[in-house]
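J.: give the three-dimensional model of this entry:
(chains A, B, C and D)
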Number of protein chains: 2
Amino acid sequence: MDIPDIIISRLPRYLHILEYLSRQGIQTTSSQEMGVLLGLSSAQIRKDLSQFGEFGKQGTGYEIPFLIQQLRNILKVNQTWKIALVGAGDLGHAIARYQGFENRGFYIAAVFDKDPEKIGRSIGTLRIEDIKTLAPRIREEGIRIAMLTVPAAEAQAVTNDLVVAGIQAILNYAPVVLKVPTGVLVKDIDPINSLQHMTYYVGK
Amino acid sequence: MDIPDIIISRLPRYLHILEYLSRQGIQTTSSQEMGVLLGLSSAQIRKDLSQFGEFGKQGTGYEIPFLIQQLRNILKVNQTWKIALVGAGDLGHAIARYQGFENRGFYIAAVFDKDPEKIGRSIGTLRIEDIKTLAPRIREEGIRIAMLTVPAAEAQAVTNDLVVAGIQAILNYAPVVLKVPTGVLVKDIDPINSLQHMTYYVGK
DNA sequence: TAGATTGTTAATCGATTAACAATC
DNA sequence: TAGATTGTTAATCGATTAACAATC
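T.: Numbers count the residues shown, from 1 in each chain, chains lettered A, B, ... in the order given. Reported below is the predicted structural model:
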């Protein structure tokens, strides 16, 4: 019982389209329909889901609200996670104002920056806090996940602080390969990697 | 001669750390050293690179400037690509102001929005243009790549316009699965997918 | 019942790794 | 030369797909 990470990586996409279908008022779907929407084979979707239980019915497929509930449980987003956002530059501001987190399992609980000009200012209902208070505030709030939007040159130092503060997962927007101890997860959001991947295929 | 996409997907990361090592003033590296930096096996890196040629020397490894040049050629980022940015909201503004594109093969050549309040305003040196002029402007500028930062509800309609205008690759920030004809590439940047992937592993 | 679709097995396909001769 | 590291082969490992009995 140790499910391949590549399967886990597809579950958020399954959940996402199920929520989309549900918003359309659709109650039931099939591995076939999901596969068309995601560009995957129906066999793969059935195989992936069967790792966690028997969620469907022969002949009719999957009850969407039930499958959503199951996937939220599996991914642990039936609860709402607090996030610490570190770096209140342009990108940090955009993320802090983004409305899409809350009903998908997350909300920004605190924002930090080191710039005295920014500390104390507000982004929506959030107040920008002094990065010096990062560790105590993260512990105080019981935050386990951070989003990192500081400049590349500062990313590793801030990461070290986050690790000390007990952060267990970091979504890193800085174009840097972060070093973290085992047990701490990092995922990178680097648009340039995605763009360069596509230019390989795009005609000159 | 059709190289697996999973290999292509790693090349931008190779290029990225080589540029990093180069900035440190380092001239030479090995598959071993690159593997440590990226968390990959040295065998995999050698195998990946060997798909495209013999870039190393036994005993000494890889000349960094030479390997950078080769990877840029392969990924076609030895030229600079124009990008159309569609959607001048918070995220669009953050991307338009981001300094990190230019020396990695890209620059934002035009920004579009549909809001009359925004059209005509500036973001840095860029003027926000009317989205109604999307297709002619993209053709005029010879733009092949777009970044999409419009609201989810508008993403598919704008995508259709981009396709008609001849765009060949779309980096999509809207939390929506876009439908495009074959021949048009789409890559999604969805932080929530990444966060939900991590929460599977993070203790409650 | 007839039609549809699941969960699962076995076969296929593809990717990664170990190992080493070649050679700088 | 001795040490290091490549490029590549063969073996291993893992993921995807095809197919179908079970059954709603």
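
J.: how much space separates the residue lying closest to A:T60 once chain neighbours are set aside from chain B?
T.: Counting by Cβ to Cβ, 6 or more residues apart in numbering or on different chains, A:T60 lies nearest to A:T28, which is 6.4 Å off, once chain neighbours are set aside. C-beta here means a position set from N, CA and C on the backbone, and glycine is covered the same way. A:T28 sits 19 Å away from chain B, going by Cβ to the nearest Cβ, to the nearest Å.

J.: so A:T28 makes contact with A:G59?
T.: No - taking contacts as Cβ atoms under 8 Å, A:T28 lies outside contact range of A:G59: 11.0 Å.

J.: more neighbours, these two?
T.: A:T28 (16 against 6; other Cβ atoms under 10 Å in any protein chain shown).

J.: what's the nearest residue to the residue most central in space within chain A if we skip its chain neighbours?
T.: When Cα atoms, centre = their mean is applied to chain A, the residue found nearest the centroid is A:L171 (7.2 Å). Take A:L171 and drop its neighbours on the chain: the residue closest to it by Cβ to Cβ, 6+ apart is A:M147, 4.7 Å away.

J.: so the one you found, which state does it fall into?
T.: strand (DSSP: H, G, I helix; E, B strand; the rest coil).

J.: neighbours of it, how many?
T.: Counted with other Cβ under 10 Å, the neighbours of A:M147 add up to 26.

J.: averaged pLDDT, the longest helix along chain A. What do you get?
T.: With residue count as the measure and DSSP state H as the assignment, chain A has helix A:5-23 as its longest helix. Across helix A:5-23, pLDDT averages out at 98.

J.: ok so, going back, residue contacts, the residue nearest to A:L171?
T.: A:83-86, A:95, A:108, A:170-171, A:173, B:191 (Cβ atoms under 8 Å, 6 or more residues apart in numbering or on different chains).

J.: residue of chain A nearest DNA strand D, please.
T.: Per Cβ to the nearest atom of the strand, A:G59 is where chain A lies closest to DNA strand D, at 2.2 Å.

J.: domain map for chain A?
T.: Annotated domains of chain A cover A:5-75, A:81-193 [automatic domain parsing].

J.: so of these, which one's packed in deepest?
T.: Of all the domains of chain A, domain A:81-193 has the most neighbours on average by mean count of other Cβ atoms under 10 Å in any protein chain shown, namely a mean of 18.

J.: what's the first-to-last distance across that domain?
T.: End-to-end distance for domain A:81-193, by Cα to Cα, to the nearest Å: 28 Å.

J.: so where's chain A shaky on pLDDT?
T.: Low-confidence segments of chain A, defined by pLDDT under 70: A:1, A:204.

J.: which secondary structure elements does the longest strand seen in it contact?
T.: When chain A is parsed with DSSP state E, its longest strand is strand A:106-113. Counting contacts by 3 or more Cβ pairs under 8 Å, 6 or more residues apart in numbering or on different chains; DSSP states H and E, strand A:106-113 packs against strand A:81-86, helix A:90-97, strand A:126-130, helix A:134-141.

J.: and A:S42, how far from B:E102?
T.: 44 Å (Cβ to Cβ, to the nearest Å).

J.: ok, now which ones touch the nearest residue to A:G89 once chain neighbours are set aside?
T.: Leaving out its chain neighbours, the residue that sits closest to A:G89 by Cβ to Cβ, 6+ apart is A:T149, at 6.3 Å. Listed by Cβ under 8 Å, 6+ apart, the contact partners of A:T149 are A:85-89, A:91-92, A:95, A:173-174.

J.: picking that back up, DNA strand C is nearest to which of the domains of chain A?
T.: domain A:5-75 (2.9 Å).

J.: filter the contacts of A:M147 by proximity to DNA strand D?
T.: Among these, not one lies near DNA strand D by Cβ under 7 Å from any atom of the strand.

J.: can you list those in a markdown table and add distance to A:N160?
T.: As requested, the contacts of A:M147 are arranged in a markdown table below (distance: Cβ to Cβ, whole Å):
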| residue | distance to A:N160 |
| --- | --- |
| A:I83 | 19 |
| A:A84 | 15 |
| A:L85 | 18 |
| A:V86 | 12 |
| A:I95 | 22 |
| A:I108 | 22 |
| A:I170 | 11 |
| A:L171 | 17 |
| A:Y173 | 17 |
| B:P191 | 22 |
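
J.: is stretch A:73-85 anywhere near chain B?
T.: Yes - Stretch A:73-85 lies within reach of chain B by Cβ under 8 Å from any Cβ of the partner chain, at A:74-77, A:79, A:81, A:83.

J.: quick check, distance from that stretch to the centre of its chain.
T.: Centroid separation between stretch A:73-85 and its chain, computed with Cα atoms, centre = their mean, to the nearest Å, is 9 Å.

J.: over to stretch A:98-112?
T.: 10 Å.

J.: and that stretch, end to end?
T.: 16 Å.

J.: now stretch A:71-91
T.: Start-to-end, stretch A:71-91 (Cα to Cα) is 30 Å.

J.: how about residues contacting stretch A:86-95?
T.: The list of residues contacting stretch A:86-95 from outside it, by Cβ under 8 Å, 6+ apart, reads A:85, A:96, A:108, A:111-113, A:115, A:118, A:121, A:123, A:128, A:131, A:134, A:146-151, A:158, A:162, A:173, B:89-91, B:93-94, B:97-98, B:191.

J.: now for the helix or strand where A:Q44 lies, which elements pack on it?
T.: In this assignment (DSSP states H and E), A:Q44 forms part of helix A:42-50. Applying 3+ Cβ pairs under 8 Å, 6+ apart, one finds that helix A:42-50 contacts helix A:5-23, helix A:31-38.
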